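A.B. asks: The following comprises the amino acid sequence and a computationally predicted model.
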Amino acid sequence: MKAEYVNPFLKGTMNVLKTMAFVDAKPGKPFVKQDKKAIGDISGTIGLTGTTKGAVVVSFSKGCALKVISSMMGEEYTDLNDEVKDAVGELTNMISGDARRALSELGANFEAGIPTVITGQGHEITSMGKGPVLAIPFKVGEDALSVEVSFES
């Protein structure tokens, strides 16, 4: 995966969470994932086509998802209900869109599919591409999320 493909997802995540949910996401050190197990309890995934094929996963711990979506929607959520699932899908779409806009400025153009949301502790994401999966961890307060990106070579 090209290194310049990573920063748009890092910046896009911080930008979308700040402007849409009014929370600060602090990035950690990116790493290459060794398995398909989701880092969080609820994940939005979206496929990308264009310059190359790829996928993006935004995976939230339950606490992080509830905190972010509650802030975004202006009401308190205490369970991963259908409204929270829809909002996770929309945040995945927005993060992907912000990153795709920045990637297009680098000459890499992508179209996105429709987001899919998966829930459950320890769920697996099998839709990732053939390339390595780079995970970018974030903290929102004490709660965690990660953005996982994979592109075929």
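C.D. replies: Arrived safely. Numbers count the residues shown, from 1 in each chain.

A.B. asks: May I have stretch 54-64 as CSV, with CA atoms only?
C.D. replies: The C-alpha coordinates for stretch 54-64 follow below in CSV (Å, rounded to 0.1, in the frame of the first residue of the first chain):
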residue,chain,number,x,y,z
GLY,A,54,-9.7,-1.5,-1.6
ALA,A,55,-11.8,-1.4,1.5
VAL,A,56,-12.2,0.8,4.6
VAL,A,57,-13.4,-0.4,8.0
VAL,A,58,-14.2,2.0,10.8
SER,A,59,-14.5,-0.2,14.0
PHE,A,60,-15.7,1.2,17.3
SER,A,61,-15.7,-0.2,20.8
LYS,A,62,-19.3,-0.2,22.1
GLY,A,63,-18.4,2.7,24.5
CYS,A,64,-16.8,4.8,21.8
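
A.B. asks: Let me know the average pLDDT across that stretch.
C.D. replies: Stretch 54-64 comes out with an average pLDDT of 96.

A.B. asks: residues making contact with it?
C.D. replies: The list of residues contacting stretch 54-64 from outside it, by C-beta atoms under 8 Å, 6 or more residues apart in numbering, reads 9, 13, 38-48, 68, 80, 88, 91-92, 95-96, 99, 110, 125, 127-129, 131, 140, 142-152. Every C-beta, even on glycine, is put in place using the N, C-alpha and C of the backbone.

A.B. asks: Would you mind checking those for buried ones?
C.D. replies: Among the contacts of stretch 54-64, those classed as buried by 16 or more other C-beta atoms under 10 Å are 9, 13, 38-48, 68, 80, 88, 91-92, 95-96, 99, 110, 125, 128-129, 131, 140, 143-151.

A.B. asks: From the contacts of stretch 54-64, which land in helices?
C.D. replies: When these are checked against helices (DSSP state H), the matches are 9, 13, 68, 88, 91-92, 95-96, 99.

A.B. asks: No more questions from me, cheers.
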